[in-house]
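Chemist: I'd like to go over a predicted model; first the sequence, then the structure.
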Amino acid sequence: MKSAIRVAQPPQKPLLVYDGDCGFCTLWINRWRCATGDLVDYSPSQEPHIAERFPEIPRAAFDSSVQLIEPDGSVYNGAEAVFRSLSHHPHFHWPLDVYEVLPLFAHLAECSYKLVARHRSFFSFVTKLLWGRHVEPPSYVLVRRAFLGCLGVIYFIAFLSLWVQIGGLIGSQGIAPAAQTMKEIKQVVTAENLGVSRLYRVPTLCWISASDGFLHAQCAAGVVLAVLLIAGIAPAPCLFLLWVIYLSLCTVGDPFLSFQWDALLLETGFLAIFFAPWQWRAKISAQTRGPSLVALWLLRWLLFKLMFRSGCVKLASGDATWRDLTALNYHFETQPLPTWIGWHVHHFPAWVHKSDTAFMFGIELVIPFLIFLPRRLRQLACLAFLALQFFILLTGNYCFFNLLTMVLCLTLLDDAALQKCLPAKWCGRFAQPTATPHSSIEVARGMILVPVVVVMLMTSLVQFMDMPHPNFRIPIKLLNAYEAVEPLRSFNGYGLFQVMITKRPEIIMQGSNDGLNWQDYEFKYKPGDLKRRPAFVEPHQPRLDWQMWFAALGSYQNNRWFLQFSVRLLQGSPPVLKLLEKNPFPNAPPKYIRAVLYQYHFTNAATKKKTGEWWRRDFVGEYMPAISLPPDASGQSGLPAAQ
């Protein structure tokens with residue numbers, strides 16, 4: 001509040017005098033100093049020249065409240081002094097505006113200030129508990145560099161993993177050829193007369209070419225761009241091109257590139273374009289401007305949406321195993337590609353599984369809200385998310401999904417926290433970045449972010465509205481807007497294992513030359529041989545093995561790709577056979593292919609010790625009847641003949 005005192009020798013610029021013996025005051029003065037820069041001077045009241053310079057202000061006034069001395073000689077104290085000192089920076093003028101316009105706010109602000117001033121020790125403890133020793137505005141320059149470097153590693157893994165499989169998946173001799181997909185798309189485009197809008201409706205570079213060479217070239221370009229991103233070279237352009245290429249391959253790669261981690265990589269990669277520095281060489285120095293806080297919070301919102309929605313969908317599904325906390329009794333055995341650690345965890349007591357499920361719900365439903373609270377609580381959320389993802393990583397193979405989620409967790413840290421994890425010799429190189437004027441490029445990026453924020457909030461609203469009650473009627477205009485951005489695959493809803501699978505049906509592919517004697521095809525990673533130990537394959541994703549898990553939950557009639565896969569086995573397609581571990585017909589493809597279904601179960605410790613078998617299985621029946629190629633197929637893909 002403004003006092004009746006006026007000083008005879010006012011300072012040349014605003015001076016805020018505070019109690020230098022108060023640790024609480026010192027903490028927050030550091031924050032305000034960062035906000036106002038050199039526009040306001042700060043000085044502890046204990047300095048001798050303060051009392052001599054401003055004898056009009058009683059010593060008791062300095063002890064009870066901060067004192068703001070303006071160049072015109074007027075003196076302010078309490079909350080108003082704080083607001084007026086901050087108002088000298090144009091970005092922080094709004095608190096004073098509210099203070100002057102709303103008397104109720106001014107009264108509450110002054111009462112709050114007096115309450116804090118009388119209990120400084122308590123509030124100092126609370127401040128350190130919630131913020132630590134860094135209450136000043138945090139810097140995110142190191143966080144951005146670490147995040148983008150790690151995201152580059154994820155992109156590298158994703159493209160390299162896909163590159164070694166792409167010929168067998170969507171190549172010309174693959175299971176679902178991209179060329180055939182593009183041919184069908186062009187027929188639809190012509191029939192609907194879409195024109196140029198086809199490039200948005202079907203966003204893929206395969207409009208240029210869908211040849212094997214071009215598919216491999218896209219993967220190679222992705223690998224090279226990922227390396228450049230890791231090195232910090234042209235991060236924003238690299239991220240844009242990485243997003244375009246991965247979107248291109250996902251568009252023509254159904255059903256093999258439609259997993260939730262593909263969607264998460266596209267959404268993370270898209271938002272990272274606005275988080276990255278717009279410069280040709282990412283450097284870290286005291287002159288480096290920090291990232292856009294809007295882009296940072298969009299990434300944090302993505303992490304919140306990913307974690308919170310994953311917990312909500314489990315409860316909203318009505319699945320009894322989630323609600324009675326028994327889901328983990330089945331999960332480790334029935335998940336797509338278990339690990340040998342998962343085999344051991346499966347045999348833990350039931351009460352352990354229930355406890356783990358309860359902790360998981362706590363992390364997915366409660367901890368995400370810490371993202372929006374002070375820095376120490378955000379760091380706690382980061383640790384909880386990392387622990388959950390590490391446990392999932394040990395017990396199951398989920399491609400780069402867990403690693404990508406861990407990378408998103410970096411956005412919950414700031415440079416002060418991250419430096420504690422870096423070698424001491426590194427920390428000396430990084431100074432706290434100073435404020436620099438906004439460039440025209442950064443202003444343009446801020447304007448571009450406005451529609452991104454609107455779309456992100458709109459799509460999130462639709463996703464959360466649709467989650468508790470799948471039959472809930474979403475406003476048609478909102479739904480139309482949501483559908484309009486779906487081709488970009490970059491604003492997604494998430495939630496793995498919405499319904500827990502309690503049994504493990506497993507498809508065994510078999511070939512025969514006489515229709516009587518059948519031999520098994522062995523996949524590289526999915527269960528087959530009972531004595532083969534469940535392996536670690538992440539971060540690589542064997543996409544055919546994964547699709548076989550989904551196919552076993554349905555029927556071959558509802559999985560077009562499965563019939564095409566069977567045809568490729570009848571043709572002896574080399575790229576497809578490379579996706580398998582064992583081809584029982586190395587000299588020539590078989591005349592007949594069929595698929596049978598088994599129920600697989602983990603063995604117990606005694607059985608494993610006695611037989612060496614990790615699995616036991618029970619025959620269920622026929623999954624797909626024996627088929628063969630028609631006589632005129634001539635090695636071309638066509639409809640097989642059932643036997």
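Modeler: Sure thing, it's come through.
Chemist: spell out the secondary structure type for Arg616.
Modeler: When classified by DSSP: H, G, I helix; E, B strand; the rest coil, Arg616 comes out as strand.
Chemist: could you pull up the contacting residues of it?
Modeler: Leu530, Tyr600, His601, Phe602, Thr603, Thr607 (C-beta atoms under 8 Å, 6 or more residues apart in numbering). In short, each C-beta sits where N, CA and C put it, glycine included.
Chemist: so which of the residues you listed are in helices?
Modeler: Thr607 (DSSP state H).
Chemist: so how do I select the buried members of the contacts of Arg616 in PyMOL?
Modeler: This is the PyMOL syntax for the buried subset of those, where burial follows 16 or more other C-beta atoms under 10 Å:
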select buried, resi 600+602+603
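Chemist: closest to Pro542 among the contacts of Arg616?
Modeler: Tyr600 (17.2 Å; C-beta to C-beta).
Chemist: any idea what the closest one is bridged to?
Modeler: Per DSSP bridges, the residues bridged to Tyr600 are Arg617.
Chemist: mind checking how far it is from Pro625?
Modeler: Using C-beta to C-beta, to the nearest Å, one obtains 22 Å as the distance from Tyr600 to Pro625.
Chemist: got it, and Asp41?
Modeler: 86 Å.
Chemist: and for the closest residue to Ser573 other than its chain neighbours, the neighbour number?
Modeler: Leaving out its chain neighbours, the residue that sits closest to Ser573 by C-beta to C-beta, 6 or more residues apart in numbering is Gln173, at 4.6 Å. Neighbour count of Gln173, defined by other C-beta atoms under 10 Å: 18.
Chemist: looking at it, Gln173 is touching Lys578, isn't it?
Modeler: No: using C-beta atoms under 8 Å, Gln173 is not in contact with Lys578; the gap is 10.5 Å.
Chemist: identify the contacts common to the two.
Modeler: Going by C-beta under 8 Å, 6+ apart, residues that sit against Gln173 and also against Lys578 are Gly167.
Chemist: for Ser628, give me phi and psi.
Modeler: Reported as degrees, to the nearest 10, the phi and psi values for Ser628 are phi -150, psi 160.
Chemist: toward the C-terminus, what is the element adjacent to the longest helix anywhere in the chain?
Modeler: For the chain, the longest helix by residue count, based on DSSP H, is helix 440-466. For helix 440-466, the following helix or strand on the C-terminal side (DSSP states H and E) is helix 476-484.
Chemist: show me what counts as buried in that next one.
Modeler: Tyr482.
Chemist: just the CA trace of it, in PDB.
Modeler: Extracted C-alpha coordinates of helix 476-484, given in PDB (Å, rounded to 0.1, in the frame of the first residue of the first chain):
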ATOM      1  CA  ILE A 476     -21.900 -32.500 -34.700                       C
ATOM      2  CA  LYS A 477     -19.800 -29.400 -35.400                       C
ATOM      3  CA  LEU A 478     -17.200 -30.500 -32.900                       C
ATOM      4  CA  LEU A 479     -17.200 -34.000 -34.300                       C
ATOM      5  CA  ASN A 480     -16.800 -32.700 -37.800                       C
ATOM      6  CA  ALA A 481     -13.900 -30.500 -36.800                       C
ATOM      7  CA  TYR A 482     -12.300 -33.500 -35.100                       C
ATOM      8  CA  GLU A 483     -12.700 -35.700 -38.200                       C
ATOM      9  CA  ALA A 484     -11.200 -32.900 -40.300                       C
END
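Chemist: helices and strands around the next helix or strand after that helix, which ones?
Modeler: Counting by DSSP H and E, the element after helix 476-484 in chain order, helix or strand, is strand 505-512. If you count contacts as 3 or more C-beta pairs under 8 Å, 6 or more residues apart in numbering; DSSP states H and E, strand 505-512 packs onto strand 519-520, helix 543-552, helix 560-571, strand 592-602, strand 615-628.
Chemist: and the average pLDDT for the helix or strand just after the shortest one is what?
Modeler: Pointing back at strand 519-520 there. Proceeding C-terminally, strand 519-520 gives way to strand 522-523 as the next helix or strand, assigned by DSSP H and E. Strand 522-523 shows a mean pLDDT of 96.
Chemist: tell me the strands beside strand 522-523, with direction?
Modeler: Assessed with DSSP bridges, strand 522-523 is paired to strand 580-582 (antiparallel).
Chemist: buried residues of the strand it pairs with, list them for me.
Modeler: Leu580.
Chemist: how about Ile50, secondary structure?
Modeler: helix.
Chemist: which residues touch stretch 484-502?
Modeler: Taking C-beta under 8 Å, 6+ apart as the rule, stretch 484-502 contacts 200-203, 243, 247, 250-251, 260, 262-264, 266-267, 269-270, 305-306, 309-310, 312-314, 317, 319, 321-322, 327, 330-331, 334, 455-456, 459-460, 463, 466-467, 553.
Chemist: still on that earlier bit, and Asn193, which of the helices and strands packed on strand 505-512 is closest to it?
Modeler: helix 560-571 (26.6 Å).
Chemist: and the helix or strand that comes right after the closest one, average pLDDT?
Modeler: Next helix or strand after helix 560-571 toward the C-terminus (DSSP H and E): helix 574-577. Averaging pLDDT along helix 574-577 yields 97.
Chemist: helices or strands up against helix 574-577?
Modeler: By 3+ C-beta pairs under 8 Å, 6+ apart, helix 574-577 packs against helix 166-170, helix 560-571.
Chemist: run through who's touching that helix.
Modeler: Gly167, Gly168, Gly171, Gln173, Gly174, Ile175, Phe565, Arg568, Leu569, Asn583.
Chemist: 6 Å instead, please
Modeler: With contacts defined as C-beta atoms under 6 Å, 6 or more residues apart in numbering, helix 574-577 is touched by Gly167, Gly168, Gly171, Gln173, Gly174, Arg568, Asn583.
Chemist: Three-state assignment for the fourth one, please.
Modeler: Following three-state DSSP, the label given to Gln173 is coil.
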